[in-house]
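> Structure for this input, please:
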Amino acid sequence: MGQMQRTGECHSCGECCKTVNITVVRDITLQQHGSLEELELYLSYRGIRVVGSDEKCNQLHYSMDVPCSELTADNQCRVHDSPRKPFICHRFPSTLEDIEGIPDCGYGFKRVLPGWPKT
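Predicted coordinates for the structure are as follows:
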């Protein structure tokens, strides 16, 4: 099985810049809140959604609608070509899951077989 290589380019859809995604420790968080339903209720009052749960990795994934202050009305990044652009923005998307649900994203991924040249 090969690794995945990112392909394509940004089409300035702006979707990746309109939310903040956070990963938390699943078992501790559920212990604090008593249940997933109670956690979801609590977070919903704050505009935060639970968008995924990975029991194997002991993670919960949150998302909240908080647009980047550097995103313009026409979905351009004010710091795109500057040293002020955060590292996480440079490497986004790093997995296929990062762009699931973003149909206008210009990035994609292709499988690269070990030992084959990357094209």
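> for the spatially most central residue of the chain, what are its contacts?
Nearest to the mean C-alpha position of the chain, by CA atoms, centre = their mean, lies residue 98 at 4.6 Å. Residue 98 sits next to 16, 92 when contact means CB atoms under 8 Å, 6 or more residues apart in numbering. To be clear about C-beta, it is placed using only N, CA and C from the backbone, and glycine gets the same treatment.
> Next up, phi/psi of it, please.
Here is the backbone geometry of residue 98 (degrees, to the nearest 10): phi -60, psi -30.
> do you know how far it is from residue 88?
Applying CB to CB, to the nearest Å, the value for residue 98 to residue 88 is 10 Å.
> what's the answer for residue 41, then?
Taking CB to CB, one finds residue 41 at 29 Å from residue 88.
> and what of residue 59?
With the distance defined as CB to CB, residue 59 ends up 17 Å from residue 88.
> More neighbours: which of these two?
Higher neighbour count among residue 59 and residue 88: residue 59, with 15 against 10, using other CB atoms under 10 Å.
> these two touch, right, the more buried one and residue 22?
No - at 10.3 Å, residue 59 does not count as touching residue 22 under the criterion of CB atoms under 8 Å.
> any idea how far residue 5 lies from residue 113?
Taking CB to CB, one finds residue 5 at 11 Å from residue 113.
> More neighbours: these two, which one.
Between residue 5 and residue 113, counted using other CB under 10 Å, the more crowded position is residue 5 (12 against 9).
> Report the contact partners of that one.
With contacts defined as CB under 8 Å, 6+ apart, residue 5 is in contact with 109, 110, 111, 112, 118.
> Just give me the least confident of those residues.
Of all those, residue 118 carries the smallest pLDDT score, 55.
> For this structure, give me the ranges with low pLDDT.
Applying pLDDT under 70 to the chain flags residues 1-2, 115-119.
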